[in-house]
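S.K.: The following block contains a protein sequence and its predicted model.
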Amino acid sequence: MSGNKEVTCALDFCAGRKGRGKNTPFSSDRQPADGDQAGRSIPRIARLLALAIRFEELLRNKTMRDHAELARLGRVTRARVTQIMKLRYLAPDIQEQILFLSNSKGLNERNLRPVVSRINWEEQRHLFRKIADRLDRAVE
């Protein structure tokens, strides 16, 4: 028996870059939970955080070797994988808020970078509230 084994996994993000034609989605066979509304879209930031959680699991279980392997599979840069993975540095309650957001106008990974860069969760919570308040005012 050889030491080779095949691993198959579904990733929920698009490969490709703007201006290079149509993006090819990596889709999964998962169906929405019974309580989910059929037409309701999930905010992109929530999808990215869920992806970071999944990536972390794949790395922990040694299904994937490192960020470089994830990047190759997803056809994105290692830097982008790192940006996505840094969302896991957020305080657990902030992650929960992001995962269950119903309206996230303007909330994205880029404007969360200053929050993620803070080690102290209290500082993160303060910055996150400031960003959320600013975005709420912009929507009104």
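M.R.: Nice, I can see it.

S.K.: Not counting its own residues, what contacts the helix or strand encompassing Asn111?
M.R.: Counting by DSSP states H and E, the secondary-structure element that holds Asn111 is helix 109-116. Helix 109-116 has contacts (Cβ atoms under 8 Å, 6 or more residues apart in numbering) with 45, 48, 83-84, 86-87, 89-90, 94, 124, 127-128, 131. Every residue, glycine included, has its C-beta placed from N, CA and C.

S.K.: how does it look with 6 Å?
M.R.: Counting by Cβ atoms under 6 Å, 6 or more residues apart in numbering, helix 109-116 makes contact with 48, 86, 89, 124, 127-128, 131, all of which sit outside it.

S.K.: Count the residues that sit near Ile94.
M.R.: A count of nearby residues for Ile94, using other Cβ atoms under 10 Å, gives 22.

S.K.: How about the one 3 residues further on?
M.R.: Per other Cβ under 10 Å, the neighbour tally for Gln97 reads 17.

S.K.: What residues of the helix holding Asn111 count as buried?
M.R.: Judged by neighbour count (16 or more other Cβ atoms under 10 Å), helix 109-116 contains these buried residues: 109, 112, 115-116.

S.K.: can you give me the strands for the chain?
M.R.: Per DSSP state E, the chain carries strands over the ranges 14-15, 24-25.

S.K.: and the ones you listed, which one is worst for confidence?
M.R.: Averaging pLDDT over each of these singles out strand 24-25 as the lowest, with a mean of 44.

S.K.: Please report how far the spatially closest residue to Gln97 that is not a sequence neighbour lies from Asn111.
M.R.: Setting aside the residues directly before and after it, Gln97 is nearest to Phe128 in space (Cβ to Cβ, 6 or more residues apart in numbering), at 7.8 Å. Plainly put, Phe128 is 10 Å away from Asn111 if you go by Cβ to Cβ, to the nearest Å.

S.K.: Contacts only, for the residue nearest to the spatial centre of the chain.
M.R.: In the chain, the C-alpha closest to the average C-alpha coordinate belongs to Leu48, at a distance of 1.5 Å (Cα atoms, centre = their mean). When contacts are counted by Cβ under 6 Å, 6+ apart, Leu48 is found next to 84, 109.
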